[in-house]
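Trainee: Predicted structure and sequence below. I'll ask about it afterward.
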Amino acid sequence: MTERSDTALLDDWSTKASEGAFAELARRYGGLLYHAAIRRTGRGDLAAEAAQNALLILARKAPRLGGVPSLAGWLHRTVCYEAAKLLRRERRHDARMKQLPAPDGPDEGEENWQEVAPLLDQALDSLPAKDREVIFLRYFQGLSFEEMARRFGGGAPAWRQRGSRSVEKLRLALNKRGAAVSGSALTTGLGSALSQTAPAPFLAALASSPAAGASALSWAALASHSVHFMKLHPATWVLATLIFSTIPLGLQASANAAVRGRIVALENSASHGSSDAVEAERSTARTLPAVGRSAKQSVLRLAEIIDEGRSGSRLADAEADRWIKDLSNEQLEELLRESILVELPAKKRFALVATLFAEYATHRKSQIDAGKVLSMAALLSDQLDMKGQEEIWGRAGFAAKSLARQDTEKAIAWYREQVQAGRLDCSRLNLQLPAEIHLGLREGHPEAAKVFYDSLAEDERIPVIHYFRSVGTPEELLEMAAKFEDPAKRQNSVTMLFRYGTKDKSPAEARAWLDRSGVEPGGPAAALFAIAAEGDPYREDGGVQYHAGMKTHQIAERIAWLKGPAIGGESPEAIGIFLANTMSSAPGQTKEALDAEWQQNPDQEMLAAYIRHAGTTVPGVADALDRYRLLTDLEGREEILRQLLATPAAKEVLDMIRKEGMSDEDLDESQLPPELFR
């Protein structure tokens with residue numbers, strides 16, 4: 001019978017209160033919890049209590065843990081905190097506990113591991129979340145790297161490398177704590193330490209009803225655990241509010257009596273005033289402050305967690321997502337304003353603002369007025385760099401489109417105001433807002449959309465055409481592209497459209513398109529015909545698009561297409577450009593097709609165009625240098641050679657040739673300048 005996953009067991013416990021499912025989790029992780037706690041405390045009774053508390057915390061928090069990659073890592077960190085808390089309690093209230101009995105030691109001959117074991121859990125807890133996750137997946141759950149790849153995605157070699165790095169980080173963390181251990185000894189020790197089972201009496205003592213145990217668990221213990229787990233200072237009540245707001249009020253009420261009783265007991269046992277633990281218990285009975293009173297601390301901590309998530313920690317990513325979703329719209333707005341005021345590195349600020357604004361502008365678009373979203377975007381963009389501005393305005397696109405649908409005049413006036421203020425500079429920023437407004441206008445006011453487009457500067461028209469391509473007809477797009485006065489921008493826009501507009505068209509239809517576009521004849525026209533010949537080079541495989549290279553016979557067929565009478569004088573240059581383009585995806589097939597074409601029709605203009613445009617790829621440069629000597633116009637070929645050698649790919653090829661060397665015979669045959677290889 002296949003063992004049920006942690007996620008399935010958590011779901012059964014959370015939704016059906018299945019005590020059998022929870023008992024299975026307790027059995028599965030009891031050994032890990034007990035031995036981690038006993039390494040930390042050195043006492044079986046404290047270890048059992050810490051493990052019990054960790055399981056009860058799991059019972060309370062199970063609904064939010066379904067997406068955690070490694071439940072073992074989460075439980076390990078929880079039990080370490082509980083063990084440390086119990087140890088502090090014992091040391092404060094019983095002087096004799098300063099001389100803790102040593103835990104059961106290893107066999108003789110394992111002195112090295114005996115030094116490591118007491119420090120293992122502290123070192124594990126100090127690692128980044130993504131490193132802890134892979135260690136527990138490997139040494140507690142016993143997953144192979146191939147199984148990790150199948151279960152979580154990625155390749156087995158990548159997981160193996162990640163596992164090696166994580167163990168090495170753990171070894172260095174132990175060295176810093178005074179425990180020198182080799183890598184092989186550490187992996188052996190991890191395999192035994194993390195997979196030990198708990199003593200039978202401890203397993204038998206686990207709460208028979210996890211629901212009852214979870215209710216009996218001190219509310220302050222849960223509170224302080226949550227604050228620790230988020231690495232928050234206990235005074236940072238803002239994010240604690242977000243966590244506790246999801247707990248039913250009935251549970252809070254039932255916990256208050258236990259809290260008050262424990263506070264009294266702790267006060268009676270403390271002979272030197274209020275302890276930290278008492279203060280933590282007392283604080284749960286207070287009314288937690290609103291987010292606004294600690295917005296700065298909230299923003300700083302949230303920035304750290306988001307940064308951890310973007311560094312690969314799925315646990316941190318899930319925590320950040322849950323916190324942000326728990327915020328009200330007003331709290332979210334307040335944190336957004338605070339995020340541009342606090343001192344943060346540029347990278348962390350960008351990640352923070354982008355994450356918060358994505359929730360505000362995208363996920364809650366049905367709740368928040370479009371005007372408020374655009375006002376917030378303007379406020380944020382004034383304080384961000386170019387990348388941040390592009391991110392913010394990209395997220396605000398739906399609001400601009402919505403405003404254009406609702407109120408044409410207001411939307412256009414708003415856009416003009418932002419352009420005049422310098423916020424929406426399409427010559428500097430990669431923006432889609434003009435396109436969003438154009439689409440919004442087109443849905444309800446087609447004539448207004450045309451007037452708006454005609455009023456745009458040419459830099460603003462480019463994103464409109466790019467975006468409109470998915471909904472407009474080729475004819476509409478071509479008409480819009482033809483309105484560019486700048487030849488380079490007109491060429492850029494038409495180039496984007498030409499492949500799709502002329503797909504499966506005859507040479508005569510492609511010529512008609514070209515004539516309507518206003519593109520100058522000669523080189524620009526030849527480049528467009530080359531694109532039309534290439535067609536749509538993208539294929540889809542399993543939902544992923546990739547650039548599929550042509551076969552040799554397909555290249556030959558498209559060369560024949562480019563020789564059609566309608567192509568006219570652009571034909572030789574168009575063939576050369578087309579062959580240079582296909583070299584990037586099908587170098588071998590392109591060489592075969594070019595050899596065959598050259599034997600049938602050794603056109604110098606075609607070859608010159610091929611060499612001139614071959615500098616986009618290393619194979620293209622290498623092949624062009626090999627064919628360079630076939631050009632008969634000595635003066636012209638020197639200019640073509642200079643253009644080719646100015647490309648980055650050509651510099652890479654020359655570096656390789658210089659390293660490998662080139663014989664005098666080969667140099668003479670190539671007819672290339674000798675100084676290139678010195």
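Mentor: Received, thanks.

Trainee: Mind jotting down where the helices sit in the stretch 51-200 of the chain?
Mentor: Taking DSSP state H, counting those that start in this stretch as the test, the helices found in the stretch 51-200 of the chain are 71-93, 111-126, 129-139, 145-152, 156-176, 183-193, 200-205.

Trainee: what's the closest of those to Asp317?
Mentor: Closest to Asp317 of those, according to CB to CB: helix 129-139, at 9.3 Å. Using the backbone N, CA and C atoms, a C-beta is placed for each residue, glycine as well.

Trainee: Next, the angle from the closest one to helix 156-176.
Mentor: 110 degrees (axes from the mean of the first three to the mean of the last three CA atoms, to 10 degrees).

Trainee: Can you name every helix or strand that helix 129-139 contacts?
Mentor: helix 71-93, helix 111-126, helix 145-152, helix 156-176, helix 183-193, helix 314-326 (3 or more CB pairs under 8 Å, 6 or more residues apart in numbering; DSSP states H and E).

Trainee: for the nearest residue to Arg364 once chain neighbours are set aside, what are its contacts?
Mentor: Once flanking residues are discounted, Arg364 sits nearest to Asn329: 6.6 Å by CB to CB, 6 or more residues apart in numbering. Contacts for Asn329 (CB atoms under 8 Å, 6 or more residues apart in numbering) come out as Tyr360, Arg364, Gln367, Ile368.

Trainee: before we move on, what about Leu341?
Mentor: Neighbours of Leu341 in contact, by CB under 8 Å, 6+ apart: Lys296.

Trainee: before we move on, what about Trp561?
Mentor: Under the criterion of CB under 8 Å, 6+ apart, the neighbours of Trp561 are Pro507, Ala533.

Trainee: Remind me which helix or strand it belongs to.
Mentor: Trp561 belongs to helix 552-562 when assigned by DSSP states H and E.

Trainee: What residues of that helix count as buried?
Mentor: Across helix 552-562, burial judged by 16 or more other CB atoms under 10 Å covers Thr552, Ile555, Ala556, Arg558, Ile559, Trp561, Leu562.

Trainee: what about Pro157, distance to Leu302?
Mentor: Distance, Pro157 to Leu302, using CB to CB, to the nearest Å: 34 Å.

Trainee: Who has more neighbours out of those two?
Mentor: Set Pro157 next to Leu302 and count neighbours by other CB atoms under 10 Å: Leu302 wins out with 25 against 11.

Trainee: Go ahead and confirm the more buried one touches Ala320.
Mentor: Yes. Using CB atoms under 8 Å, Leu302 is in contact with Ala320, at 6.6 Å.

Trainee: Give me the pLDDT for the residue most central in space within the chain.
Mentor: When CA atoms, centre = their mean is applied to the chain, the residue found nearest the centroid is Arg310 (6.0 Å). Per-residue pLDDT puts Arg310 at 84.

Trainee: Contact partners for it?
Mentor: Applying CB under 8 Å, 6+ apart, the residues near Arg310 are Asp317, Ala351.

Trainee: go with 6 Å
Mentor: By CB atoms under 6 Å, 6 or more residues apart in numbering, the contact set of Arg310 is Ala351.

Trainee: Just the buried subset of the contacts of Asn329, please.
Mentor: Tyr360, Ile368.

Trainee: Quick check: the gap between Lys347 and Arg43.
Mentor: 44 Å.

Trainee: These two: which is more packed in?
Mentor: Neighbour tally, Lys347 and Arg43, criterion other CB under 10 Å: the higher count belongs to Arg43, 21 against 12.

Trainee: Could I get the helices of the stretch 51-200 of the chain in JSON lines, plus columns for mean pLDDT and distance to Asn601?
Mentor: Formatted as JSON lines, these follow (pLDDT from 0 to 100; distance: least, CB to CB, whole Å):
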{"stretch": "helix 71-93", "mean pLDDT": "80", "distance to Asn601": "67"}
{"stretch": "helix 111-126", "mean pLDDT": "72", "distance to Asn601": "71"}
{"stretch": "helix 129-139", "mean pLDDT": "82", "distance to Asn601": "59"}
{"stretch": "helix 145-152", "mean pLDDT": "79", "distance to Asn601": "52"}
{"stretch": "helix 156-176", "mean pLDDT": "80", "distance to Asn601": "49"}
{"stretch": "helix 183-193", "mean pLDDT": "71", "distance to Asn601": "65"}
{"stretch": "helix 200-205", "mean pLDDT": "56", "distance to Asn601": "85"}
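
Trainee: could you dump those helices to TSV with distance to Val419?
Mentor: Listed next are the helices of the stretch 51-200 of the chain as TSV, based on distance: least, CB to CB, whole Å:
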stretch	distance to Val419
helix 71-93	49
helix 111-126	51
helix 129-139	43
helix 145-152	46
helix 156-176	46
helix 183-193	60
helix 200-205	69
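
Trainee: okay, those, which one's buried deepest?
Mentor: Neighbour counts (mean count of other CB atoms under 10 Å) averaged over each of the helices of the stretch 51-200 of the chain peak at helix 129-139, with a mean of 24.

Trainee: mind checking how far the helix or strand encompassing Trp13 is from the chain centre?
Mentor: According to DSSP H and E, Trp13 maps onto helix 6-16. Helix 6-16 has its C-alpha centroid displaced from the chain centroid by 28 Å (CA atoms, centre = their mean, to the nearest Å).

Trainee: now do stretch 572-585
Mentor: Offset of stretch 572-585 from its chain centre (CA atoms, centre = their mean): 36 Å.

Trainee: what does stretch 463-472 give?
Mentor: Distance, stretch centre to chain centre, for stretch 463-472: 27 Å (CA atoms, centre = their mean).

Trainee: Ends of it, what's the gap?
Mentor: Stretch 463-472 has its terminal residues 13 Å apart, counting by CA to CA, to the nearest Å.

Trainee: now swap in stretch 453-463 and tell me
Mentor: From its first residue to its last, stretch 453-463 covers 11 Å (CA to CA).

Trainee: List the buried residues of that stretch.
Mentor: Buried-residue list, stretch 453-463, by 16+ other CB under 10 Å: Tyr453, Leu456, Glu458, Asp459, Glu460, Arg461, Ile462, Pro463.

Trainee: could the helices and strands packed on helix 129-139 be laid out in JSON lines, adding distance to Gly523?
Mentor: As requested, these are exported to JSON lines (distance: least, CB to CB, whole Å):
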{"stretch": "helix 71-93", "distance to Gly523": "60"}
{"stretch": "helix 111-126", "distance to Gly523": "62"}
{"stretch": "helix 145-152", "distance to Gly523": "49"}
{"stretch": "helix 156-176", "distance to Gly523": "45"}
{"stretch": "helix 183-193", "distance to Gly523": "61"}
{"stretch": "helix 314-326", "distance to Gly523": "50"}
